[in-house]
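In: coordinates for the following, if possible.
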Amino acid sequence: MAAAAARSLSGPGRRALPLVVILGATGTGKSELALQLGLRLGGEIVGADSMQVAGGAGPQSGRGRGPLGAERREIGSPPEGVYKGLDIITNKISLQEQALCRHHMISFVDPLVSNYTVVDFRNKAAALIEDIFARETIPIVVGGTNYYIESLLWKVLVDTKEHSQRFDLGGLICAPQEKTSPSPGRAADQRVELEQLDGHELHCRLSQVDPEMAAKLHPHDKRKMARSLQVFEETGIPHSEFLHRQREEEGGGPLGGPLKYPNSCILWLYADQAALDERLDKRVDDMVAAGLLEELRDFHQRYNQEKVAENCQDYQHGIFQSIGFKEFHEYLITEGKCPQETSALLLEKGIQALKLVTKRYARKQNKWVRNRFLRRPGPNVPPVYGLEVSDLSQWDENVLKPALQIVESFIQGRQPSADPVKMESEIKEDKRSHHMCELCNRVIVGDREWAAHTKSKSHLRHLKKRRKLQLKLSAVESRVSVTETQGDREGTEDLGQGRN
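Out: So this is what the prediction gives:
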């Protein structure tokens, strides 16, 4: 019924269908909700999760069954990944689920591809969304990769292919050299080459061609500095200038360009932190039981062993940056070459590290939602509707039912009965402010980070040392002053005696 209503309200001269976006930390059941909404609304799912998270668990976790009684694996309904194979570490949804509802952007990139960028994702996903709308169907975007989501909602990326000038960063004067943009492979290689440089050198180069962007970026943030340098090298236009142009467009704001889909419906799945942590720990154990180690071992032997032997292993690009590879690196490279007891300890170390980093990532995802959506009021920030998933036994009542009501309200062009989540605005906080702590010889970016730094133990320790030094200098100066005063007095007395 809802799907028929959606089709009846779409088309020329009718209300625009909404873009449904499901956000939330790993382990909150984003993929499960996307599948259920897709089935009931006749929508199609667009994955917006790279391979960085260890997965998620929907309401059926531990029960072995999903919607409509379909059999599914016990570890639940984790977020999709874009990489082919590696089903456990990237936690793709099952083939049975994909058959229930049409999915896009899953398993279409070779695992060894290291130059797949957010621009590549945006270009492919945006075209898919337009096609879904053209077929009078609701696109449901689901995922937890921040930049992927942002690239679909806002005009925030610079596509250097649209510009023809290319500049050389080798010297101070950057003159145009050719009229064609470099190939995607060359552009990716160039970015990787830049990231290999020292952070100080990157910052100096960026300061020469884009001082405004250099002032905003931390000298240790090599990826962002390399990206800004790449933008200028390929277009001849400072990265900061592109961002200014986007913000000045109609509907733009301080955080970026205008919304691409003004009728966006955002659902945020959140849980009590203690409950989510327990769920994530169990999910990692379930992944190991489901064959995670066998999958990692096979991939390591086929693709990674040679890189390790040549000492060129790269955990910063492609599938190798996925959570799970780094954590089990020691175990994989020493397996069969060390005592069984040592291997067992390394395995346990990897499992605990995977649990820890997954929980940290979940916190980071929630922090992003709060900072990017809830604390930034403005015309280019869509409303966010919160759905609590702490108690999975209440999934239908607390999550599915209200989610359907919210989306159906958007389809019908009316205000949902549920109120969007609101948080106190922090407009005065400048996340890009630049602070130089001369005392600690460190650059601190952001007002909040600066406030935290001034209260940190290391800063206070340096401050205490400086105060002690100042006290010593004051004492020395006092002694010198007393000595000079006494000398002046003795000189005066000698002068008086000479006169007599």
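In: for stretch 217-237, give the mean pLDDT please.
Out: Averaged across stretch 217-237, the pLDDT comes to 86.
In: report the backbone C-alpha coordinates of that stretch in CSV.
Out: The C-alpha trace of stretch 217-237 is given here as CSV (Å, rounded to 0.1, in the frame of the first residue of the first chain):
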residue,chain,number,x,y,z
LEU,A,217,44.6,22.3,8.2
HIS,A,218,46.8,20.7,10.8
PRO,A,219,50.4,20.1,9.6
HIS,A,220,49.9,16.4,10.6
ASP,A,221,46.8,16.0,8.4
LYS,A,222,48.7,14.8,5.3
ARG,A,223,45.7,13.4,3.5
LYS,A,224,43.8,16.7,3.5
MET,A,225,46.8,18.7,2.6
ALA,A,226,47.6,16.3,-0.3
ARG,A,227,44.1,16.6,-1.5
SER,A,228,44.2,20.4,-1.5
LEU,A,229,47.5,20.4,-3.3
GLN,A,230,46.1,18.0,-5.9
VAL,A,231,43.1,20.2,-6.5
PHE,A,232,45.3,23.2,-7.2
GLU,A,233,47.8,21.2,-9.3
GLU,A,234,45.0,19.9,-11.5
THR,A,235,42.9,23.1,-11.8
GLY,A,236,45.1,26.1,-11.1
ILE,A,237,42.4,27.2,-8.6
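In: buried residues in that stretch?
Out: 217-219, 221-222, 225-237 (16 or more other Cβ atoms under 10 Å). No exception for glycine: its C-beta is placed from N, CA and C like everyone else's.
In: could you find the closest non-adjacent residue to residue 97?
Out: residue 35 (5.8 Å; Cβ to Cβ, 6 or more residues apart in numbering).
In: does the one you found touch residue 45 like I think?
Out: Yes: counting by Cβ atoms under 8 Å, residue 35 does reach residue 45; the two are 7.0 Å apart.
In: list the residues that contact both of the two?
Out: Common contact partners of residue 35 and residue 45 (Cβ atoms under 8 Å, 6 or more residues apart in numbering): residue 101.
In: where along this structure do the strands fall?
Out: Applying DSSP state E to the chain gives strands spanning 19-24, 44-47, 103-104, 139-142, 166-167, 176-178, 264-270, 384-388, 434-437, 442-445.
In: what strands line up against the longest one, and which way round?
Out: Note on strand 264-270: by DSSP bridges, its sheet partners are strand 19-24 (parallel), strand 384-388 (parallel).
In: and among those strands, the most buried is which?
Out: strand 19-24 (a mean of 26; mean count of other Cβ atoms under 10 Å).
In: wait, residue 445 sits on residue 219?
Out: No: counting by Cβ under 8 Å, residue 445 does not reach residue 219; the two are 9.2 Å apart.
In: one step back: and the residue nearest to residue 97, what pLDDT?
Out: pLDDT, residue 35: 94.
In: ok, residue 48 next?
Out: 87.
In: what sits against it?
Out: 105, 121, 125, 141-143, 145, 148-149, 152.
In: before we move on, the earlier item: measure the residue nearest to residue 97 to residue 100 for me?
Out: 7 Å (Cβ to Cβ, to the nearest Å).
In: and those two? Which one has more around it.
Out: For residue 35 versus residue 100, the count of surrounding residues by other Cβ atoms under 10 Å is larger for residue 35: 27 against 17.
In: what separation do you get for the more buried one and residue 372?
Out: Counting by Cβ to Cβ, the gap from residue 35 to residue 372 is 25 Å.
In: what of residue 125?
Out: Taken as Cβ to Cβ, the span from residue 125 to residue 372 is 18 Å.
In: give me every residue that touches residue 261.
Out: Per Cβ under 8 Å, 6+ apart, neighbours of residue 261: 18-19, 129, 153.
In: right, and the strands paired with strand 264-270 - which one's nearest residue 344?
Out: Residue 344 sits nearest to strand 19-24 of all the strands paired with strand 264-270, at 34.9 Å, using Cβ to Cβ.
In: what's the domain layout of the protein?
Out: 2-155+253-288+359-411, 161-248, 436-499 (automatic domain parsing).
In: flag the shaky bits of the stretch 351-500 of the chain, pLDDT-wise.
Out: 376-379, 424-432, 480, 482-500 (pLDDT under 70).
In: just the helices in it please.
Out: Here the stretch 351-500 of the chain has its helices, by DSSP state H, counting those that start in this stretch, at 395, 401-411, 447-454, 457-499.
In: how far away is residue 473 from residue 479?
Out: For residue 473, the distance to residue 479 - Cβ to Cβ - is 11 Å.
In: try residue 137
Out: 85 Å.
In: of the two, who's got more company?
Out: residue 137 (20 against 10).
In: report pLDDT for the more buried one.
Out: 95.
In: just checking, it touches residue 43?
Out: Yes: Residue 137 lies in contact with residue 43 (Cβ under 8 Å); the separation is 6.2 Å.
In: what residues of stretch 274-287 count as buried?
Out: 276-277, 279-284, 286-287.
In: oh, that last question was meant for stretch 241-252, not what I typed.
Out: 241-243, 246-247, 252.
In: where does residue 270 land on pLDDT?
Out: pLDDT, read off for residue 270, is 95.
In: one more: residue 85?
Out: So, for residue 85, pLDDT stands at 54.
In: cool, the one 4 residues further on as well?
Out: Residue 89 carries a pLDDT value of 66.
In: quick one, what contacts residue 365?
Out: Taking Cβ under 8 Å, 6+ apart as the test, what residue 365 contacts is 24-26, 53, 144, 146.
In: now intersect the residues you listed with the helices, please.
Out: residue 146 (DSSP state H).
In: now a PyMOL select for only the buried ones of the contacts of residue 365.
Out: Those of those that count as buried under 16+ other Cβ under 10 Å are selected in PyMOL with:
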select buried, resi 24+25+26+53+144+146
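In: tell me how many other residues surround residue 371.
Out: Neighbours of residue 371 (other Cβ under 10 Å): 15.
In: separation between it and residue 133?
Out: Counting by Cβ to Cβ, the gap from residue 371 to residue 133 is 29 Å.
In: now swap in residue 121 and tell me
Out: Taken as Cβ to Cβ, the span from residue 121 to residue 133 is 18 Å.
In: got it, and residue 147?
Out: 23 Å.
In: equivalent analysis for residue 436, please.
Out: 49 Å.
In: try residue 341
Out: In terms of Cβ to Cβ, residue 341 sits 59 Å off from residue 133.
In: please name the nearest non-neighbouring residue to residue 154.
Out: residue 256 (4.6 Å).
In: check residue 434 too.
Out: residue 215 (5.2 Å).
In: ok, now residue 350?
Out: Nearest non-adjacent residue to residue 350 (Cβ to Cβ, 6+ apart): residue 328, at 4.0 Å.
In: surely the one you found meets residue 295?
Out: No: at 10.6 Å, residue 328 and residue 295 do not qualify as touching, with contact defined as Cβ under 8 Å.
In: neighbour count: these two, which is higher?
Out: More neighbours surround residue 328 than the other of residue 328 and residue 295, with 23 against 18 (other Cβ under 10 Å).
In: OK, contacts around the more buried one?
Out: Contacts of residue 328 by Cβ under 8 Å, 6+ apart are 293, 296, 347, 350, 354.
In: looking at these, which gets the smallest pLDDT?
Out: Within those, lowest confidence goes to residue 296 (84).
In: now the phi/psi pair for the nearest residue to it once chain neighbours are set aside, please.
Out: The shortest distance from residue 296 to any non-neighbouring residue, by Cβ to Cβ, 6+ apart, is to residue 328 (5.6 Å). Dihedral angles of residue 328 (phi, psi; degrees, to the nearest 10) stand at phi -110, psi 20.
In: tell me the spacing between residue 328 and residue 297.
Out: Residue 328 is 9 Å from residue 297, by Cβ to Cβ.
In: quick one on the thing from earlier: would JSON lines of the contacts of residue 328 with distance to residue 263 be doable?
Out: What follows is these, written out as JSON lines (distance: Cβ to Cβ, whole Å):
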{"residue": "293", "distance to residue 263": "45"}
{"residue": "296", "distance to residue 263": "42"}
{"residue": "347", "distance to residue 263": "49"}
{"residue": "350", "distance to residue 263": "45"}
{"residue": "354", "distance to residue 263": "39"}
